[in-house]
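**Student:** After the sequence you'll find the predicted model.
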Amino acid sequence: QGNARSISELDTITDQTVDIAAFYASLLDDIPYPSLTVALTDSRLPGGHSPAYFAVMNHELPRPPGVYVSWKTDPVSFSDYPAFFLAHEVAHQWWGQAVGWKNYHEQWLSEGLAQYFAALYAERDGGPKAFTDILRQMRRWAMRHSDEGPIYLGYRLGHLTNETRVYRALVYNKGAMVLHMLRGLVGDDVFFAGLRRFYHQWRFQRAGTDALQLAFEIESGQSLGRFFDRWIHDAALPALTFAWHTETTATGEETVLRFEQQTEQLFDLPVTVTLTYRSGEEEKVIVLVRDRVTEVRVPAQGRVR
């Protein structure tokens, strides 16, 4: 559905919606509702809303000549990828509607998951660079406002001081980044299996963070209590020092990567290290940082630059 001004965009929006929904269904092995309606409404603000069975997308009104408005100072505005809002709102059919959140503390299960699924669709539709750029923006806003409080404060974040960007930076963007870190810790297969387990177990019910944690613990076979405590219930960020050197061993040259956590409380997080060789080739290594000192050895594929 649309109005007279937006009617020319309906075919494009319809095709995008079908593609987005099919992609999400492929990840979760389910479409929760038998139909989905997208309505375009006039608004001066970007964004939308997504109850069960339909999504309302704000269609920005034209500005007077000479008037330019930029939303780059908002944490959830991804101007280089305009389909992001639609992908986010369609994701709410799964996250927020089919799987609800049991109180305001758990709203990140709706917004963080919808935000991350929209980023996943951006990667599928726009390629790795689109995904990387979106994650970089999410990370920047999350780090800027993490000291305002933990994700678990939900809607209270920023609203007491009328600074709603804090809420979007943490519940939306930091929530999505927590999911991305969890994916790095447990691996792709376990991550998506955990999401499917969580979704199907809580379909048409209200869930909490403990339920998501349990689903991933069952699939991964590891305790994730400290991960969720640090990233969802606490506001602090880790501080790491990094050093590297090469060593010659009996089997060849190795690159030694060393991380040390500087904060009193230990975090669990994956860190991607890019090794650049003198040949110009690159190799990405994911280091799982869990202990006070984490050291890994990587067989060198050449001389490291």
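**Tutor:** On my side now, so go ahead. Note that the structure is a prediction, hence the values are computed from the model and not measured.
**Student:** which stretch of helix or strand covers Ile31?
**Tutor:** Using DSSP states H and E, Ile31 is not contained in any helix or strand.
**Student:** How about it: what's its closest non-neighbour residue?
**Tutor:** Using Cβ to Cβ, 6 or more residues apart in numbering and skipping the chain neighbours, the partner closest in space to Ile31 is Ala25 (4.8 Å). Yep, even glycine has a C-beta here, placed from its N, CA and C like the rest.
**Student:** Please work out how many residues are found near that neighbour.
**Tutor:** 14 (other Cβ atoms under 10 Å).
**Student:** and if you look at the one 4 residues further on?
**Tutor:** As a burial measure, the neighbour count of Asp29 was computed by other Cβ under 10 Å and equals 10.
**Student:** mind checking which helix or strand the nearest residue to it once chain neighbours are set aside is in?
**Tutor:** Counting by Cβ to Cβ, 6+ apart, Asp29 lies nearest to Arg196, which is 6.1 Å off, once chain neighbours are set aside. Assigned by DSSP H and E, Arg196 belongs to helix 188-202.
**Student:** which residues touch stretch 102-112?
**Tutor:** Residues outside stretch 102-112 that contact it (Cβ atoms under 8 Å, 6 or more residues apart in numbering) are 92, 95-96, 99-101, 151-156, 171-172, 174-176, 178-179, 206-209, 212, 232.
**Student:** Of all the residues in the helix holding Arg196, which ones are buried?
**Tutor:** By 16 or more other Cβ atoms under 10 Å, the buried positions in helix 188-202 come out as 190-199, 202.
**Student:** What is that helix packed up against?
**Tutor:** Under the contact definition 3 or more Cβ pairs under 8 Å, 6 or more residues apart in numbering; DSSP states H and E, helix 188-202 sits against helix 10-28, strand 99-101, helix 175-186, helix 209-220.
**Student:** right, so of the ones you listed, which gets closest to Pro128?
**Tutor:** Pro128 lies closest, by Cβ to Cβ, to one member of these: helix 175-186, at 13.6 Å.
**Student:** Tell me the helices and strands packed up against that closest one.
**Tutor:** helix 108-126, helix 128-145, helix 188-202, helix 209-220, helix 225-228, strand 269-276, strand 282-289.
**Student:** how distant is the shortest one from the center of its chain?
**Tutor:** Remark: helix 225-228 is offset 17 Å from the chain centroid, using Cα atoms, centre = their mean, to the nearest Å.
**Student:** just the last one next, same as before
**Tutor:** Taking the mean C-alpha point of strand 282-289 and that of its whole chain, the gap between them comes to 19 Å (Cα atoms, centre = their mean).
**Student:** Touching that strand from outside, list them.
**Tutor:** So strand 282-289 is in contact with 184-185, 238, 240, 257, 259, 261, 267-277, 294, 296, 298, 301, going by Cβ under 8 Å, 6+ apart.
**Student:** Would you mind listing which of those residues are buried?
**Tutor:** By 16+ other Cβ under 10 Å, the contacts of strand 282-289 give 184-185, 238, 257, 259, 261, 267-271, 273, 275, 294, 296, 298 as buried.
**Student:** Nearest to Ser223, out of those: which one, please.
**Tutor:** Asp268 (9.9 Å).
**Student:** Having no further points to raise, I will conclude here.
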